[in-house]
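Asks: Provided below for reference: sequence and predicted model.
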Amino acid sequence: MGGVLIADEAELRKAVELARLIAREAERGARWPSPALILNRGAYTRKAMRTGKRAGAMPPIVTVIIIVAAVVAAALAAYFIYTTTARSTRQVMLTVIGQPTLYKGADGKSLELRVTFKNDGTADVDLTNSIISVQTKDKTVVEFKDPQLVISSASSGTTIKLAPGDSAALKYTAEAQLDDFPDGAMATLQTRDGYQTSFAVAKP
């Protein structure tokens, strides 16, 4: 056609590719300047286009959210470490003082087990409703229950709770005969909180 410059096929393909690229980036929210399409042979060069925002830049609200999340995560981690350490350092450790001994009860039908405990741990221990299981000669177990305070350095009350450093002499009872147990029978104390400790008991 006279007076009309028609771009060759290669230049048209480049122009179409550039238009598609601009459309894709626009769909992603990028801001593009108005492109100038140069169709003359050898004059077109594809260059990286700049957006209206700096690469890698984040909106202020995103930065604030990240900072808040980091602070919360650090606080939770610190709390977890503190509580774990506190639990691991606060422990119950009962020590048996003297020799636990079995005695005949006043009614002649029951037995009394007298034992003195001291709390050498770092946490309180509740001996209320605790049980002492004592092994008999025939390898069965008799449970001594109903602990009662005989002597205690702790404050008296309805519960038998020993703070760290406190000690208490207790009396447990069971329906059994003294001859059922060997001298030095093995016994195990179990509190209602699940703490256990073992020791040997003697006969008078």
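Replies: Arrived safely, thanks for sending. Numbers count the residues shown, from 1 in each chain.
Asks: End to end on stretch 106-116, go ahead and measure it.
Replies: 20 Å (Cα to Cα, to the nearest Å).
Asks: ok, and for it, which residues are buried?
Replies: L111, E112, L113, R114, V115, T116 (16 or more other Cβ atoms under 10 Å). (Each C-beta comes from the backbone N, C-alpha and C, glycine too.)
Asks: tell me which of those residues is nearest to G98?
Replies: Of all the buried residues of stretch 106-116, T116 has the smallest distance to G98: 5.5 Å, by Cβ to Cβ.
Asks: hang on, the closest one packs against S167?
Replies: Yes - applying Cβ atoms under 8 Å, one finds T116 in contact with S167, separated by 6.4 Å.
Asks: For these two, list the residues in contact with both.
Replies: I97 (Cβ atoms under 8 Å, 6 or more residues apart in numbering).
Asks: still on that earlier bit, possible to save the buried residues of stretch 106-116 as TSV with distance to F199, secondary structure and pLDDT?
Replies: Listed next are those as TSV, based on distance: Cβ to Cβ, whole Å; DSSP: H, G, I helix; E, B strand; the rest coil; pLDDT from 0 to 100:
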residue	distance to F199	secondary structure	pLDDT
L111	16	strand	96
E112	16	strand	96
L113	11	strand	97
R114	13	strand	96
V115	8	strand	97
T116	11	strand	96
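Asks: Going by distance to D180, which of the residues you listed wins?
Replies: For the buried residues of stretch 106-116, the nearest to D180 is L111 (8.5 Å; Cβ to Cβ).
Asks: wait, isn't the closest one in contact with K104?
Replies: Yes - in this structure, L111 is within contact of K104 by Cβ under 8 Å, at 6.5 Å.
Asks: list the residues that contact both of the two?
Replies: Common contacts of L111 and K104 (Cβ under 8 Å, 6+ apart): L178.
Asks: Which of the helices or strands spans A70?
Replies: Using DSSP states H and E, A70 maps to helix 60-89.
Asks: Could the C-alpha coordinates of the helix or strand that comes right after that helix be exported in PDB?
Replies: Toward the C-terminus, helix 60-89 is succeeded by strand 94-104 as the next helix or strand (DSSP H and E). Coordinates of each C-alpha in strand 94-104 appear next as PDB, following Å, rounded to 0.1, in the frame of the first residue of the first chain:
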ATOM      1  CA  LEU A  94      10.400 -37.100 101.400                       C
ATOM      2  CA  THR A  95      13.100 -38.400 103.800                       C
ATOM      3  CA  VAL A  96      12.300 -41.100 106.400                       C
ATOM      4  CA  ILE A  97      13.700 -40.100 109.800                       C
ATOM      5  CA  GLY A  98      14.500 -42.800 112.200                       C
ATOM      6  CA  GLN A  99      13.100 -46.300 111.900                       C
ATOM      7  CA  PRO A 100       9.500 -46.900 110.900                       C
ATOM      8  CA  THR A 101       8.000 -49.500 113.300                       C
ATOM      9  CA  LEU A 102       4.900 -51.700 113.500                       C
ATOM     10  CA  TYR A 103       3.000 -51.800 116.800                       C
ATOM     11  CA  LYS A 104       0.000 -53.700 118.100                       C
END
